[in-house]
Structure formats: structure tokens, C-alpha cells
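Student: what follows is a predicted structure for the sequence shown.
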Amino acid sequence: MDLRPLHDRVLVRRLEAGEERQGGIIIPDTAKEKPQQGEVVSAGNGTLLDNGERVPLDVKAGDRILFGKYGGADVTIDGEEYLILREDEILGVLE
């Protein structure tokens with residue numbers, strides 16, 4: 001199933017962080033923080049202005065992005081977890 005977000009939203013797949021060790025202790029998955037990096041899977045058409053013009057998004061499918069810890073909405077599609085963010089919740093594009 002394909003999903004195209006509306007307006008200024010993007011569909012993001014979180015990039016998994018490697019296994020973390022602190023002082024020789026392996027941190028279980030339940031105690032780890034969620035990664036703050038992801039890959040844009042799909043992007044909306046852009047923001048619609050009051051005069052009817054559409055401003056395109058600065059990100060596109062395939063971009064690696066950095067976003068805040070508590071932004072967006074978690075969704076599950078076909079058994080995979082994704083995050084839907086507004087463009088203004090994206091902190092930057094990793095190049």
C-alpha cells in the first residue's frame with residue numbers, strides 16, 4: 001500500500017541506531033531512545049497559501065533528515081512503523 005501525505009507533511013521511516021553499550025552494559029530495546037534520524041519515504045505537494053498558490057516542500061523522497069524526539073505521529077502501515085511529520089518539524093537534511 002502506498003501513502004502520499006497531504007499538504008506540508010512527510011512520511012518518514014526511522015533509521016535504526018546501532019546497539020549501544022555504556023560501561024559494558026547492553027541497553028535493552030525498551031530503554032533505548034527512539035532514533036532522531038530518518039529517511040523520507042513520501043512527501044506531500046506543499047503548503048497551500050491563502051491566494052491559492054502552492055509552495056513546494058524543501059525535502060523529497062530519499063532524503064535523510066533529522067527531527068525532534070517528540071514530533072510527528074507514529075503510524076503502522078503493512079506491519080512497518082512510520083512517522084508522519086509536518087515540514088516545520090524537520091530540523092535539517094543530512095547530506
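Tutor: Thanks, I have it.
Student: let's see the strand or helix carrying residue 11 as PDB, backbone CA atoms only.
Tutor: Residue 11 is part of strand 9-14, with elements assigned from DSSP states H and E. Taking C-alpha atoms only, strand 9-14 is exported to PDB below (Å, rounded to 0.1, in the frame of the first residue of the first chain):
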ATOM      1  CA  ARG A   9       3.500  16.600   5.600                       C
ATOM      2  CA  VAL A  10       6.100  13.900   5.000                       C
ATOM      3  CA  LEU A  11       6.200  10.200   5.700                       C
ATOM      4  CA  VAL A  12       9.400   9.100   7.400                       C
ATOM      5  CA  ARG A  13      11.000   5.700   8.200                       C
ATOM      6  CA  ARG A  14      13.200   6.000  11.300                       C
END
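Student: so which bits of it are buried?
Tutor: 9-12, 14 (16 or more other C-beta atoms under 10 Å). From N, CA and C alone the C-beta is placed, and that goes for glycine too.
Student: just stretch 76-91 next, same as before
Tutor: In stretch 76-91, counting by 16+ other C-beta under 10 Å, buried: 82-87, 89-90.
Student: save those residues as a markdown table, and put in distance to residue 41, secondary structure and pLDDT too.
Tutor: Putting the buried residues of stretch 76-91 into a markdown table (distance: C-beta to C-beta, whole Å; DSSP: H, G, I helix; E, B strand; the rest coil; pLDDT from 0 to 100) gives the following:
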| residue | distance to residue 41 | secondary structure | pLDDT |
| --- | --- | --- | --- |
| 82 | 7 | strand | 91 |
| 83 | 10 | strand | 91 |
| 84 | 10 | strand | 93 |
| 85 | 11 | strand | 92 |
| 86 | 15 | strand | 92 |
| 87 | 14 | helix | 89 |
| 89 | 16 | helix | 90 |
| 90 | 14 | strand | 90 |
